[in-house]
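In: Pasting the sequence and the predicted model now:
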Amino acid sequence: MRTPHARIAVLLLLLASSFLLPSCDSFERNAYRTLKVTKVEYELLQEHAARAYLAGRLTEERWNRFAVAGNRFIAAHTLAADLMKTYQEVRRAPGSPLGPPELRQDPRALEAKITAALAALPPLLVDLRALLAAFEQPAPAGAR
């Protein structure tokens, strides 16, 4: 389903991210790389679905099903990104007793939460890809 252009874009994105995050530790680098790559892949799937819908290859019902599945991915991605933001703030102000409760967390506990949140993203993309593959069947005439 991926085009050569999409693969090249993802590879360039990975390469660029490795240069843009030199001050981050490997956990942060890997987390940001995962966030970026999964976002790009989601956007490619979304573009594919939108083009299929506009070309009449997806019914409105199928488009809506894709949108619901896409919303699940967006929510999971946003959660992981928010956790990463908190992680960075915790690392900048470790053990600040006067800070808000979210900044008084153990960074290792946050790493575990982030790892779990990031692990949820690839299966959601697999679901979206499978949904689009199932939708590649021609839509019934007049079902749009």
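Out: Great, that's in hand. Numbering: from 1, shown residues only.
In: Flag every buried residue along stretch 54-66.
Out: 57-59, 62-63, 65-66 (16 or more other Cβ atoms under 10 Å). (Glycine included, C-beta is placed from N, CA and C.)
In: Tell me the buried residues in the lengthiest helix in the chain?
Out: Within the chain, and with DSSP state H defining each element, the longest helix by residue count is helix 60-92. Within helix 60-92, the residues that count as buried by 16+ other Cβ under 10 Å are 62-63, 65-66, 69-70, 73, 76-77, 79-81, 83-84, 86-87, 89-90.
In: can you check stretch 33-42 too?
Out: Neighbour-count burial for stretch 33-42 [16+ other Cβ under 10 Å]: 33-39, 41-42.
In: now swap in stretch 113-122 and tell me
Out: 114, 117-118, 120-121.
In: what's the most distant pair in the buried residues of stretch 54-66?
Out: Greatest spatial distance in the buried residues of stretch 54-66: 57 and 65, 14.1 Å, computed using Cβ to Cβ.
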